[in-house]
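One predicted model, sequence on top.
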Amino acid sequence: MEEIVVDDGKNKYADEDMLTKEASIFLSSMPKRKSSFDELPLLSKMHIGVKEINLLSVNSEENMKKIYEKTHTLLFNGSANGYIDPNGKTAKNFLKDIAKLIAGVNNCCLSEKSSFCTFCDKIICSRCCRSCSFCNLDYCQLCSVLQYNTPHETAVCLTCL
């Protein structure tokens, strides 16, 4: 095999493989030319949905009226039916459901209406009713305080406290 010596004036290369390696290093360090797209504005993606199509179409006013009427009827029908439960469905007879929720949280049954709170006039059942140990009037749990300074817990209303 013959040895090829290439002289470029600065370096001497013994074979062609070395020449291509040096040329690739030299070319990779060259600056890039200026992009012709730098002066153009940035491009961005636009989402075109049904609303945009309806706004830009020939019958845009009629389409928007239909959408408004449909939304309006859905809102009023939904509010007339009751409320939306945690599953996303419309639930009817929500007063009983709310009473069950309150009963579950406070352990109170609202069906046993025994009296009114003397302080705030809230309806209280026999389970939630507390009698003040000083004035012997009925109070709710918010308007009375339990005291534990005696062998048995006693309730004292906010006025007697």
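Structure received.

neighbours of Thr159, just the number please.
The local packing of Thr159 (other C-beta atoms under 10 Å) involves 14 other residues. In this view, the C-beta of every residue, glycine as well, is placed from N, C-alpha and C.

ok, it touching Phe119?
Yes: counting by C-beta atoms under 8 Å, Thr159 does reach Phe119; the two are 7.0 Å apart.

in this protein, which spans are strands?
Under the criterion DSSP state E, the chain contains strands at 6-7, 12-13, 83-84, 90-91, 113-116, 123-125, 130-131, 138-139, 144-147, 154-157.

Against which helices or strands is the last one packed?
Packed against strand 154-157, as judged by 3 or more C-beta pairs under 8 Å, 6 or more residues apart in numbering; DSSP states H and E, are the following elements: strand 144-147.

what pairs with the strand it packs on, and is each one parallel or antiparallel?
Sheet pairing of strand 144-147 (DSSP bridges) gives strand 154-157 (antiparallel).

List the buried residues for the partner strand?
By neighbour count with 16 or more other C-beta atoms under 10 Å, strand 154-157 contains the buried residues 154-157.

Could you do stretch 129-148 as well?
129-130, 132-133, 137-141, 143-145.

And for stretch 48-58?
Asn54.

what about it, average pLDDT?
Mean per-residue pLDDT for stretch 48-58: 78.

So what touches that stretch?
Here stretch 48-58 makes contact (C-beta atoms under 8 Å, 6 or more residues apart in numbering) with 60, 63-64, 67.

Please repeat the previous calculation with a cut-off of 10 Å.
Outside stretch 48-58, the residues within contact range by C-beta atoms under 10 Å, 6 or more residues apart in numbering are 46, 60-64, 66-67.

repeat for stretch 134-144
106, 108, 114-133, 145, 154-161.

6 Å instead, please
115, 117-120, 122, 124, 128-131, 155, 157-158, 160 (C-beta atoms under 6 Å, 6 or more residues apart in numbering).
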